[in-house]
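Q: show me how the following folds:
(one chain, ligands or ions: 1)
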Amino acid sequence: MERTFLAIKPDGVQRKLVGEIIRRFETKGFTLVGLKFLKVSRELAEQHYDVHKERPFFGSLVEFITSAPVVAMVWEGDGVVAAARKIIGATNPLTAEPGTIRGDFGINIGRNLIHGSDAQETAQREIALWFKDEELVNWQPHLTSWLRE
Ligand SMILES: Nc1ncnc2c1ncn2[C@@H]1O[C@@H]2COP(=O)(O)O[C@H]2[C@H]1O
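A: Residues are numbered from 1 along each chain as shown. As a prediction, the model looks like this:
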């Protein structure tokens, strides 16, 4: 089953949007299989954002993501990687569509509330980076037959 990695960033936590953000993935029908609340180490932040290390905003990005707690999650479901990106919206909240998380709650690219893996391979890398195998829960919600044929 497909899985994706999502992290509610420090701005999402500070603005008390954790419940609202989780609700959107829950009510859509995806299944939560991993969840933790943590202060991110500099090492984890640099590994997570390794692909951006040459970008001018890399330093401030690492500074920000390590500045206050985040909620790290793994969600499961058919097509969850692409669907989660749609629910999250465009990287820049100012151009993100209304109805998306960033479109509804953000105004600045450096404060875009949530990270979501951009492809299935990235999801696998990020899940392995943030979670140990035993921290992920394999389970079948009872309502599965009401969500999928
Ligand atoms: N100019 C920028 N272009 C793209 N991403 C940026 C920029 N400035 C800051 N960022 C952040 O870099 C992050 C990289 O991936 P995220 O999906 O976590 O969300 C992005 C933004 O929060």
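Q: drop to CA atoms for contacts and neighbour counts, all remaining ones
A: Fine.
Q: can you list the buried residues in stretch 67-76?
A: 67, 69-76 (16 or more other CA atoms under 10 Å).
Q: and that stretch, how far from the chain's centre?
A: Its chain's average C-alpha position is 6 Å from that of stretch 67-76, according to CA atoms, centre = their mean, to the nearest Å.
Q: flag the shaky bits of the chain, pLDDT-wise.
A: Within the chain, no stretch has pLDDT under 70.
Q: tell me where it has helices.
A: 10-14, 18-28, 42-48, 58-65, 80-88, 101-105, 120-130, 144-147 (DSSP state H).
Q: contacts for the third one next, please.
A: Outside helix 42-48, the residues that touch it by CA atoms under 8 Å, 6 or more residues apart in numbering are 53, 62, 65-66, 126, 129-130.
Q: of those residues - the most surrounded one?
A: Neighbour counts for these, by other CA atoms under 10 Å, peak at Ile65, which reaches 23 neighbours.
Q: surely it and Asp11 touch.
A: No - counting by CA atoms under 8 Å, Ile65 does not reach Asp11; the two are 9.0 Å apart.
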